[in-house]
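In: Got a predicted model here, sequence first, then my questions.
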Amino acid sequence: MKITMDLQVPADYFFQRLVDSVLQDIKQQTGRQLAERALPGYRYHKEFGNKQTGELKVLHFLHGRRYGYSLRTGRNEYFVDYELTPQGADSCTLTYSEQQKGRDAKVTANNKTASFFLGWFRKRRFKKMAAEISAAYRDQQKEEA
């Protein structure tokens, strides 16, 4: 899945919200307060609500521009990448991509079926999250004015 969106928010602002979320997840999962500079190459085990676990590894980290990770579970490996391109002082283009590989042909076929039926909802939820970050930035700008 790939989504490209133009956002009315600076790339650095969006990226910092993303990093804050990642650091909070790491603290929640590991109990460690990690500094942003420690993220490149960082690995940790993550537990999900459905009692599944996985190993998350930060693959790409270029402050303000790119964040990517892989997540390996018992059945799948996911690759997620956020890339931000500044378009001006208060706007950027976000390119989000994700891929998944199943451990075998049966899992891969199941993934394709699920993606077909649930892909629209996942895209909608992602776009809503990005829009909420943009709205928070606009609200912050109004308060500072």
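Out: Now that the structure is in, tell me what you want to look at.

In: Please settle this for me: is residue 59 part of a strand?
Out: Yes: when classified by DSSP: H, G, I helix; E, B strand; the rest coil, residue 59 is found to be part of a strand.

In: Show the contacting residues for the residue lying closest to it once chain neighbours are set aside.
Out: The shortest distance from residue 59 to any non-neighbouring residue, by C-beta to C-beta, 6 or more residues apart in numbering, is to residue 68 (4.6 Å). C-beta: built from backbone N, CA, C; applies to glycine. By C-beta atoms under 8 Å, 6 or more residues apart in numbering, the residues touching residue 68 are 58, 59, 60, 61, 79, 80, 81, 82.

In: By neighbour count, sort out the buried ones in those.
Out: With neighbours counted using 16 or more other C-beta atoms under 10 Å, these contain these buried positions: 58, 61, 80, 81, 82.

In: picking that back up, now flag whichever of the contacts of residue 68 is closest to residue 119.
Out: Of all the contacts of residue 68, residue 119 sits closest to residue 80, with 14.8 Å by C-beta to C-beta.

In: And the one helix or strand that closest one maps to, what does it pack against?
Out: Using DSSP states H and E, residue 80 falls within strand 76-88. Using 3 or more C-beta pairs under 8 Å, 6 or more residues apart in numbering; DSSP states H and E, the elements in contact with strand 76-88 are helix 11-30, strand 53-62, strand 66-72, strand 91-102.

In: and the helix or strand where residue 133 lies, average pLDDT?
Out: Secondary structure from DSSP H and E places residue 133 in helix 105-144. Across helix 105-144, pLDDT averages out at 81.

In: Compute the inter-axis angle for it and strand 76-88.
Out: 30 degrees (axes from the mean of the first three to the mean of the last three C-alpha atoms, to 10 degrees).

In: and the angle for helix 105-144 with strand 91-102?
Out: Counting by the same axes, to 10 degrees, helix 105-144 lies at 160 degrees to strand 91-102.

In: Counting neighbours, show which residues of helix 105-144 come out buried.
Out: Burial within helix 105-144, assessed by neighbour count using 16+ other C-beta under 10 Å, is assigned to 111, 126, 130, 133, 134, 137.

In: Kindly reformat the residues you listed as CSV containing distance to residue 32.
Out: Listed next are those as CSV, based on distance: C-beta to C-beta, whole Å:
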residue, distance to residue 32
111, 32
126, 27
130, 28
133, 25
134, 30
137, 29
